[in-house]
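**Student:** Predicted model follows, preceded by the sequence.
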Amino acid sequence: MRSIVIESTRVRASGIACAVLMVIGLAACSDSGATGRCTTDDDCTRRELCIDQTCVAISDLDVTDTTGDTSPDTSDVDDTNGDTSLPDTTLPDTADSNVDSDDTGELDTRPDVPMDPCQGICAPDELCGWGGKCYCTPGLKRLCGTKIGKCGQGYRTCRDGDWGECEAIPVNEPEICDRIDNDCDGLTDEDACFPPIAVCPPAQSVHINEVATLSGEGRDPDGGTVTFDWEVISGPVGGSTGPIPFDEAVSSLAPDDYGVWALSMCVDDDEGVRACCETEVRVIEPCVPPAVPVISTCGTSWDRRPILQFPALPAGLSYDLRMEGAPLATITGLGQNYYRPPEALQIGGPPPLGVSAVFEMNACRVDDPTCCSPTSSIEVAMIEACTTPIPPTSSNIIFSEYLINGDGGPSSCVGPNCQAGEALEITNLSNCPVSLDGYHFRYCNNNACSSAKRYKNFGPADIIPPRGVYVTIRNPAKSTCGFDFMPTADTPDIFGIRRSTLELLVDGSFSNDSGWFLNGGGSFRFASGAYSGPFGGTTLVLIDDYIANSPACESIGFDALGACGDIPSNVTPTQRLRKNQLGRLWHPCDALIAPNPAQCFDR
């Protein structure tokens, strides 16, 4: 019988080569090159054998015929003579150029091939155990999964001879809208893709066959590309044109029929999502200019806020108002018939001429802003502001209103409450405050100043506001007369009021025993200096004599309502006012007739 020696060329013990003799499955060897301890082949990897309780790689083993005998090999399990030491299925026959491995009497001429019972069964990176069982090498990694987009494949790690679960390679990229699973969570573009944005131009009006430019906008918030699609949604029955070009953000339409052309612009992004918006082009009829709105106002503006009056605005029109050629306001409120600047205009000069400002107005059709009327214009003297008090003169103050029958009681009434409504009003004609300090007022009956005479000296508090009034009343709280125009407090600004109690003296003592103003007639005088006699000082204002026999609580004065207030100096009032207008004179809003809006915001 031949002896077959299986030699491991890789197993070494103490640095000495270890010859492994394997006779009918028995062997002995040290294990410095072995992979682990074992009892059977099942304890080794797929490409190892358990030899002498040590796992040895099959590739390290070689089978040689040392005797060249012609007897059946005891370890040749597939010969025709039939060995009894090992089952025929244990080891396949292998080619050995030095051995008659199949007992035919001839030496093998095929090259040596290491024994591999798992050849064709295990993967190249797996080991074959005894009996054809495949094992992996512990610690070895193998790619797994599928590479999709930016997500790398995972790894399986060999543990105890078996492959573990597929472990994904960590990816820290945020998800973006690119149809790729960037964060490798199995979802694509989640919470990253948004619909495109489409912005249409505002509606516009053109004439027939006039080109309307359609300046649309579109973008993709995800940063992708977008395409555009313009189309006509609806239009006049006879219309046959469309947007050109239809596939760009900026298009144009030359409508060929009258009416409204409804258009849409759709924006498509690179994810196939669409967003649309709409606009319209209105084709207007040929221009028929509106009527000219005639503008009017007071010739002088003391507060540089002139009230410009015009016909009530009709439907379908707007008024364009300009000052010195520059836009001032556009009137769009239906029925509005005046305009007053909310703040003083920055233009003005000293009275009486001030600085001239030209205001212009025309009317335009709402559906065709280019179809407008001719222009109307008006010139206004703008007076500058003044805050420094000036002294009174014969040209800047007048007696503007007086009330002599303060209650209408019996002529024999006496005491401080008799004729409690007696009053006098002085108006400041200038644009500066006027101080009455150092001046006096004198009253006489029927020019008989040698007998009945009363007076009042003015002090530092007696200042008339610019274009305002000074009102002094005997005792309004005890009067049966109404004072509807009196404000609740003094107002020192322009068009304001200063109020005082009318306390007249006789020879230095108050005279409150009865009414002061004779109903039958009398004389009012305003003069310089403190009172020194009925004709002392320089006369600045004189009414001699005033209008007598007025009914109770009826005043004599200038009618402030509906007037511009352009009253010259050295004139006296003659109009009977009932009710009286004490405390109010020539406010700009008073000149308005049926104003719309009703509140002029005069104060």
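**Tutor:** Happy to help now that I have it.
**Student:** measure Gly354 to Thr300 for me?
**Tutor:** To Thr300, Gly354 is 7 Å away according to CB to CB, to the nearest Å. Backbone N, C-alpha and C define where each C-beta goes, glycine included.
**Student:** Overlap in contacts, these two.
**Tutor:** Counting by CB atoms under 8 Å, 6 or more residues apart in numbering, the common neighbours of Gly354 and Thr300 are 381, 383.
**Student:** Glu401 against Glu425, yeah?
**Tutor:** Yes: between Glu401 and Glu425 there is a contact under CB atoms under 8 Å: 4.0 Å.
**Student:** hey, what's in contact with both of those two?
**Tutor:** In terms of CB under 8 Å, 6+ apart, Glu401 and Glu425 are both contacted by the residues 557, 582, 585.
**Student:** just the residues you listed now: which is nearest Ser251?
**Tutor:** Comparing the shared contacts of Glu401 and Glu425 against Ser251 with CB to CB picks out Leu585 as the nearest, at 63.1 Å.
**Student:** Contact partners for the closest one?
**Tutor:** By CB under 8 Å, 6+ apart, the contact set of Leu585 is 400-401, 425, 427, 469, 558, 560, 565.
**Student:** Tell me the pLDDT of the residue nearest the centre of the chain.
**Tutor:** Of all residues in the chain, the one closest to the mean position by CA atoms, centre = their mean is Val199, 16.1 Å from it. At Val199, the pLDDT value in this model is 97.
**Student:** cool, and Arg110?
**Tutor:** On the pLDDT scale, Arg110 is placed at 51.
**Student:** cool, and Asp566?
**Tutor:** Reported pLDDT for Asp566: 82.
**Student:** What count of nearby residues applies to it?
**Tutor:** Applying other CB atoms under 10 Å, we find 11 other residues in the vicinity of Asp566.
**Student:** Could I get the contacting residues of it?
**Tutor:** 298-300.
**Student:** Asp183 against Asp189, yeah?
**Tutor:** No: the criterion here is CB under 8 Å, and Asp183 misses it with Asp189 at 10.4 Å.
**Student:** related to what we said a few turns ago, got a ChimeraX select line for the buried ones in the contacts of Leu585?
**Tutor:** In ChimeraX, this line selects whichever of those come out buried by 16 or more other CB atoms under 10 Å:
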select :400,401,425,427,469,558,560,565
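**Student:** Make CSV out of the contacts of Leu585 and add secondary structure and distance to Asp270.
**Tutor:** Listed next are the contacts of Leu585 as CSV, based on DSSP: H, G, I helix; E, B strand; the rest coil; distance: CB to CB, whole Å:
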residue, secondary structure, distance to Asp270
Ser400, strand, 81
Glu401, strand, 82
Glu425, strand, 81
Thr427, strand, 78
Val469, strand, 77
Phe558, coil, 80
Ala560, coil, 74
Gly565, coil, 72
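**Student:** between the contacts of Leu585, which is closest to Ala123?
**Tutor:** Closest approach between the contacts of Leu585 and Ala123, by CB to CB: Gly565, at 111.1 Å.
**Student:** Now for that closest one: which residues touch it?
**Tutor:** Counted by CB under 8 Å, 6+ apart, Gly565 has contacts 298, 467, 585-586.
**Student:** likewise Asn570?
**Tutor:** Residues in contact with Asn570, defined by CB under 8 Å, 6+ apart, are 394-395, 398, 541.
**Student:** Now list the buried members of those.
**Tutor:** With burial judged by 16+ other CB under 10 Å, the buried subset of the contacts of Asn570 is 398, 541.
**Student:** now, the most widely separated pair of the contacts of Asn570?
**Tutor:** Ser395 and Val541 (10.4 Å).
**Student:** Low-confidence regions, the stretch 501-603 of the chain specifically.
**Tutor:** Residue ranges of the stretch 501-603 of the chain with pLDDT under 70: 512-514, 601-603.
**Student:** quick one: the helices in it?
**Tutor:** Counting by DSSP state H, counting those that start in this stretch, the stretch 501-603 of the chain forms no helices at all.
**Student:** For stretch 357-373, buried residues please.
**Tutor:** Buried residues in stretch 357-373, counted by 16+ other CB under 10 Å: 357, 359-365, 368, 371-373.
**Student:** Which of those fall within strands?
**Tutor:** Counting by DSSP state E, these place 357, 359-365 in strands.
**Student:** Ala312: what secondary structure?
**Tutor:** Of the three states, Ala312 takes coil according to DSSP: H, G, I helix; E, B strand; the rest coil.
**Student:** Drop anything exposed from the contacts of Asp566.
**Tutor:** In these, burial by neighbour count holds for 298, 300, counting by 16+ other CB under 10 Å.
**Student:** In helices, which of the contacts of Asp566 fall?
**Tutor:** Taking DSSP state H, every one of those sits outside helices.
**Student:** out of the contacts of Asp566, who's nearest Ala598?
**Tutor:** Taking CB to CB as the measure, Ala598 sits nearest to Cys298 out of those, at 19.4 Å.
**Student:** I'd say that closest one and Gly562 touch.
**Tutor:** No: at 11.2 Å, Cys298 and Gly562 do not qualify as touching, with contact defined as CB under 8 Å.
**Student:** Which neighbours do these two have in common?
**Tutor:** Ala591.
**Student:** sorry, back to before: between Asp183 and Asp189, which has more neighbouring residues?
**Tutor:** Ranked by neighbour count (other CB under 10 Å), Asp183 and Asp189 place Asp183 first, with 19 against 16.
**Student:** For the residue lying closest to that one once chain neighbours are set aside, the count of nearby residues, please.
**Tutor:** Excluding the flanking residues, the one nearest Asp183 by CB to CB, 6 or more residues apart in numbering is Glu175, at 4.9 Å. Per other CB under 10 Å, the neighbour tally for Glu175 reads 18.
**Student:** again, but for the one 3 residues further on
**Tutor:** Using other CB under 10 Å as the criterion, Asp178 is surrounded by 18 other residues.
**Student:** Can you tell me the closest non-neighbouring residue to it?
**Tutor:** Nearest non-adjacent residue to Asp178 (CB to CB, 6+ apart): Asp189, at 7.2 Å.
**Student:** Done for today, thanks.
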